[in-house]
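> I need the structure of the sequence given here:
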Amino acid sequence: MSARSRWLLALTALCIAAAFLVPAIPQPLRYHAFADQRRAFGIANFCDVASNAGFLLAGLAGLIIVWSGRARFEFARERWPWIAFFLGLLLTAFGSSYYHLAPDNERLFWDRLPMTIAFAGLIASQIVDRFSVRAGILMLVPLLIAGAVSVIYWRWSERIGAGNVAPYGIVQGYAVVVLLFLAVFERSRYTRGGDLYWIFGWYLLSKLFETFDGAIFAFGDVVSGHTLKHLAASASGFVACFMLTHRRLRG
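Alright, predicted model coming up:
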């Protein structure tokens, strides 16, 4: 086993341990108080709802590209992680729209669950591209389960009055660290491997928009940071579409 493989296994073990040992962190209710609460066309929080169209379009475009054969894969089974990724984006469009119509913890579950599908698919796809096809395919289902369990556990803990969002946060952090590690230290079997940095960059930008939701909206009351978050995050899906249709296997 290589040193990098051992590092990934150690990180995985550390995150699993942290999920059990980190003190419980309840979901702050102020999270649901988004800056732009304007109603339009009879739809509450219209901009935060409508901006999920980006996820819808990116998810549909990606699934069409993968199923139509326009995406370039050395082996047909490599498509499954990408199907999970784009399906996660598509489902996020519906889950996030449902949540933003009337934000609360119960609805937030349906926003977060599909995002874990997208994260799992993206991680597995990069293990396939940069590490091992077999390992990436085998890791897809465990990654999907881990993501789903973290969200299901969070909702269950909230319902019994002992809210703990920490495992979900750890899963998200794990995904980001692993993707960055693979991008930096493992070369893709395909060209355009550097596009992963753009996917990562759009995600980081979306988190910045989310953090400064109110401050951005206060600048002229035009658009909120959370609305821009949806558009930035969905842009990563379009980057993936471009990458899959323009890359080629390295000689």
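> So residue 16 lies in a helix, does it not?
Yes. Assessed with DSSP: H, G, I helix; E, B strand; the rest coil, residue 16 lies in a helix.
> so what's it up against?
Residues near residue 16 by C-beta atoms under 8 Å, 6 or more residues apart in numbering: none. (Glycine included, C-beta is placed from N, CA and C.)
> And it, how close does it get to residue 170?
Distance from residue 16 to residue 170, counting by C-beta to C-beta, to the nearest Å: 9 Å.
> again, but for residue 129
25 Å.
> if you count what's nearby, which of those two comes out ahead?
Legend: neighbour count by other C-beta atoms under 10 Å for residue 129 and residue 170, higher for residue 129 (23 against 20).
> just how off-centre is stretch 134-148 within its chain?
14 Å (C-alpha atoms, centre = their mean, to the nearest Å).
> What are the buried residues along that stretch?
Buried residues in stretch 134-148, defined by neighbour count with 16 or more other C-beta atoms under 10 Å: 136-137, 139-140, 143-144, 146-148.
> Residue 39 contacts residue 45, correct?
Yes. Counting by C-beta atoms under 8 Å, residue 45 is a contact partner of residue 39 at 7.5 Å.
> And the two? Which one has more around it.
residue 45 (22 against 9).
> can you list contacts of the host helix or strand of residue 177?
Per DSSP states H and E: residue 177 is located in helix 166-185. Contacts of helix 166-185 with the rest of the structure, by C-beta under 8 Å, 6+ apart, involve 4, 7-8, 11-12, 15, 18-19, 22-25, 112, 116, 119-120, 122-123, 126-127, 130-131, 146-147, 149-151, 153-154, 193-194, 196-197, 200, 203.
> Which of the residues you listed are buried, as a PyMOL select command?
PyMOL command restricting the contacts of helix 166-185 to the buried ones, with burial defined by 16+ other C-beta under 10 Å:
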select buried, resi 8+15+19+112+116+119+120+122+123+126+127+130+131+146+147+150+151+153+154+193+196+200+203
